[in-house]
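Q: Curious how this folds, go ahead:
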Amino acid sequence: MKDRPLPIAVIVLLSLLTTHTISSAENRTSIKAALVSPRCVFGDVDANLLHFSELAEDAQMKGARLICFPELALVSYSIHKEVLNYAQPIPGPATKKLEALAHRLDVYLSVGMAERDGDEHYITQALVGPDGYMGKYRKSLPTKGEQICGFLPGKEYPVWDVDGFRFGILICADGRHSATIDAMKNNMVDVIHHPHGNWVGGLGREAEEWTRSKIVYFAPRAIHARAHILINNSAESTEQPDKTHLFSSGAVAIDPLGQIIKRTEQTDRSEKVIIFELKKPEALIPPGELKALKRKDPVFNKRFEKTGD
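A: Numbers count the residues shown, from 1 in each chain. Below you'll find the model as predicted:
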């Protein structure tokens, strides 16, 4: 019998108990990141891996150390039941190839894929780095359509060390719920990757409109957690079993003060990569505000305890 979705309050509590231990990696004060909005082929993991490798190589040549791909990108986002046929265990064959790529390029890769765990399936983001597989995040609040398709909710909010930045992941519809950003805040993350799989429609017809719509409700979430939020979507079109699906494209990076670092602005749905630098949140928050945050909020007091007043 499959597990029922956990209440949000329980998920938040679990998040506090499942945070991964942060390693003593080099404590950099900045990191260069890339958000990729790629075209994807439905169900062809190998073709997508090859294409993503080319995009990652280009981003790495331009200085990117952290390279992020969208939700379910390795299979192309879908809620048609056939997508489950292309799900893989994590770690597994696809993540082995991603590990080799990350090692060769000396980068971190966050890549969306369909996960198979026994007879259960999840919308999952896999994270690999220069030293290999690091872990995964399972979408905690899949939509009704995703659940009908066969995707179950995840139950953990892991955090990893990416060059001294505390890195967390949320996926698409997770952003509609306050409990998920509370979990990120409580886990004291510096950077949140928030990949999407949005078709053309109410959420945006093309990249400029799509990113503009995301800024409206993600900027307050970045401020709430005092974390960078990196948002990206798939691009162009994919032939799926039911019909051709059009993706809006688009990517936007928002800083801990709710300001736009960089975003795609083209008025089409073409493939796009944006590259930008992230600084530690405590370097961006004004000293007076940082002092007030530490005084009023025990989470921020613990997080920024070593930052001078």
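
Q: ranges for the helices of the stretch 101-250 of the chain?
A: Here the stretch 101-250 of the chain has its helices, by DSSP state H, counting those that start in this stretch, at 144-149, 178-186, 207-225.

Q: wait, which of those is closest to residue 51?
A: With respect to residue 51, and counting by Cβ to Cβ, the nearest of the helices of the stretch 101-250 of the chain is helix 207-225 at 18.5 Å. Where you see a C-beta, it was placed from the backbone N, CA and C, and this is true even at glycine.

Q: which parts of the closest one are buried?
A: 207-208, 210-211, 213-215, 218-219, 221-223, 225 (16 or more other Cβ atoms under 10 Å).

Q: Show me what it is packed up against.
A: helix 178-186, strand 228-232, strand 244-248, strand 251-254, strand 260-263 (3 or more Cβ pairs under 8 Å, 6 or more residues apart in numbering; DSSP states H and E).

Q: quick one on the thing from earlier: is it possible to get TSV of the buried residues of helix 207-225 that adds pLDDT and distance to residue 112?
A: Listed next are the buried residues of helix 207-225 as TSV, based on pLDDT from 0 to 100; distance: Cβ to Cβ, whole Å:
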residue	pLDDT	distance to residue 112
207	96	18
208	95	23
210	96	17
211	97	18
213	94	20
214	96	17
215	97	21
218	98	18
219	98	23
221	98	20
222	98	21
223	98	26
225	98	21
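
Q: isn't residue 171 right up against residue 195?
A: Yes: assessed by Cβ atoms under 8 Å, residue 171 is found in contact with residue 195 at 5.8 Å.

Q: picking up where we left off before, can you put the helices of the stretch 101-250 of the chain in JSON lines and add distance to residue 275?
A: Shown next, in JSON lines, are the helices of the stretch 101-250 of the chain (distance: least, Cβ to Cβ, whole Å):
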{"stretch": "helix 144-149", "distance to residue 275": "30"}
{"stretch": "helix 178-186", "distance to residue 275": "23"}
{"stretch": "helix 207-225", "distance to residue 275": "15"}
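
Q: closest one to residue 47 among the ones you listed?
A: Between these, helix 144-149 lies closest to residue 47; by Cβ to Cβ that is 22.0 Å.

Q: can you list the residues that contact the closest one?
A: For helix 144-149, contacts defined as Cβ atoms under 8 Å, 6 or more residues apart in numbering pick out 5, 78-81, 83-84, 123, 139, 153, 173.

Q: Closest one of those to residue 99?
A: Among these, and counting by Cβ to Cβ, the member closest to residue 99 is residue 123, at 20.7 Å.

Q: can you tell me how far residue 104 sits from residue 118?
A: According to Cβ to Cβ, to the nearest Å, residue 104 stands 32 Å off from residue 118.

Q: who has more neighbours, these two?
A: residue 104 (13 against 6; other Cβ atoms under 10 Å).
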